[in-house]
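> quick one: sequence plus predicted model below, questions after.
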There are 2 protein chains.
Amino acid sequence: MPGMNSDDQLDAAFAALAHPVRRAILARLAKGTATVNTLAEPFEMSLPAVSRHIRVLETAGLIKRDRNAQFRPCTLEPGPLKDIAAWTDMYRPIWEARFDTMEQLLHDMKDDS
Amino acid sequence: MPGMNSDDQLDAAFAALAHPVRRAILARLAKGTATVNTLAEPFEMSLPAVSRHIRVLETAGLIKRDRNAQFRPCTLEPGPLKDIAAWTDMYRPIWEARFDTMEQLLHDMKDDS
DNA sequence: GCATTATTTAACGTAATTGTTAATTAGTCA
DNA sequence: TGACTAATTAACAATTACGTTAAATAATGC
């Protein structure tokens, strides 16, 4: 994707994941490649709508598309997920600190009893 | 947040993080509590605009607000970040598998030389 | 009370997102 | 060729997102 810096890539990845249908599509693709019709089947939604969700995922780099006759099999591309995990991990010390505080609190309460 | 299931919460968190200004605000809050004006200072954007970004973060549960005279200090709330990390971790085996494949490939190439 | 500071709300314009149905493109196969 | 399947694009409507400036609210302090 030309002209897309790492900030833009995070924007696109986060935005793509902010829809339950798209997260469900990714979950399905985690089990293996699937065509558009297969991916659309679980949803009470028109095929064009699903097709556009798939395009959003593709633009965000979360999936890749192949060609096989008239089928367009989709494959999960975990790169952006890895980026999001890395970004989120910057904050891990914060929530673990809070967890430690609670652990400590529980520990102190046990000492009292 | 009543009537917000865990899917909705993920939606809100991902959507909130899909904007560079909001991610920058979180990064600032990771260093400590700050007021709206302090948070707005780095951005070439009106104060009301920043105020609304802050509200988006608050609605997503990513920050909490206090009251201190006419100030409204904001504090980072890492809960949704933890949720996102947990969600993303479901896919960790996939990108690690790819990494292993590449490692294996590089290893094999080294064997050849 | 009155000026000052901090923040939010109101009103508005514009662009993006999400969905629909109908039409179109692309490829297969009898 | 012609019917069939897979998928996308076109055209449209409704909603949400994001920014602006101006006005309103809230708390402080002389």
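Sure, I can see it.
> close to DNA strand C: what parts of chain A are there?
By C-beta under 7 Å from any atom of the strand, the part of chain A that sits against DNA strand C consists of A:15, A:18-19, A:21, A:44-46, A:48-49, A:52-53, A:56, A:67, A:69-70. Placement of C-beta: from N, CA and C, glycine included.
> pick out the residue closest to the middle of chain A.
A:Leu17 (4.9 Å; C-alpha atoms, centre = their mean).
> pLDDT weak spots in chain A?
A:1-2, A:99-113 (pLDDT under 70).
> which positions in it make contact with chain B?
Contacts of chain A with chain B, taken as C-beta under 8 Å from any C-beta of the partner chain, map to A:7, A:10-12, A:14-15, A:17-20, A:23, A:26-27, A:30, A:76, A:78-79, A:81-82, A:84-85, A:87-92, A:94-95, A:98.
> which residues does the nearest residue to the residue nearest to the centre of chain A once chain neighbours are set aside contact?
In space, and not counting its chain neighbours, A:Leu17 is closest to B:Phe14: 4.5 Å by C-beta to C-beta, 6 or more residues apart in numbering or on different chains. Counting by C-beta atoms under 8 Å, 6 or more residues apart in numbering or on different chains, B:Phe14 makes contact with A:Phe14, A:Ala15, A:Leu17, A:Ala18, B:Ile84.
> show me those that map onto helices.
Per DSSP state H, helices hold the following members of these: A:Phe14, A:Ala15, A:Leu17, B:Ile84.
> mind listing what A:Ala12 touches?
A:Ala12 neighbours (C-beta under 8 Å, 6+ apart): A:Met4, A:Thr59, A:Ala60, A:Gly61, A:Pro80, B:Ala18.
> could I get those residues as JSON lines with secondary structure and neighbour count?
Putting the contacts of A:Ala12 into JSON lines (DSSP: H, G, I helix; E, B strand; the rest coil; neighbours: other C-beta atoms under 10 Å in any protein chain shown) gives the following:
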{"residue": "A:Met4", "secondary structure": "coil", "neighbour count": "13"}
{"residue": "A:Thr59", "secondary structure": "helix", "neighbour count": "14"}
{"residue": "A:Ala60", "secondary structure": "coil", "neighbour count": "24"}
{"residue": "A:Gly61", "secondary structure": "coil", "neighbour count": "19"}
{"residue": "A:Pro80", "secondary structure": "helix", "neighbour count": "22"}
{"residue": "B:Ala18", "secondary structure": "coil", "neighbour count": "19"}
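> ok, which of those also contact DNA strand D?
Okay, of these touching DNA strand D (C-beta under 7 Å from any atom of the strand), that's B:Ala18.
> can you tell me which of the contacts of A:Ala12 is nearest B:Ala34?
B:Ala18 (21.7 Å; C-beta to C-beta).
> go ahead and confirm the closest one touches A:His19.
No. B:Ala18 is beyond contact range of A:His19, at 10.7 Å (criterion: C-beta atoms under 8 Å).
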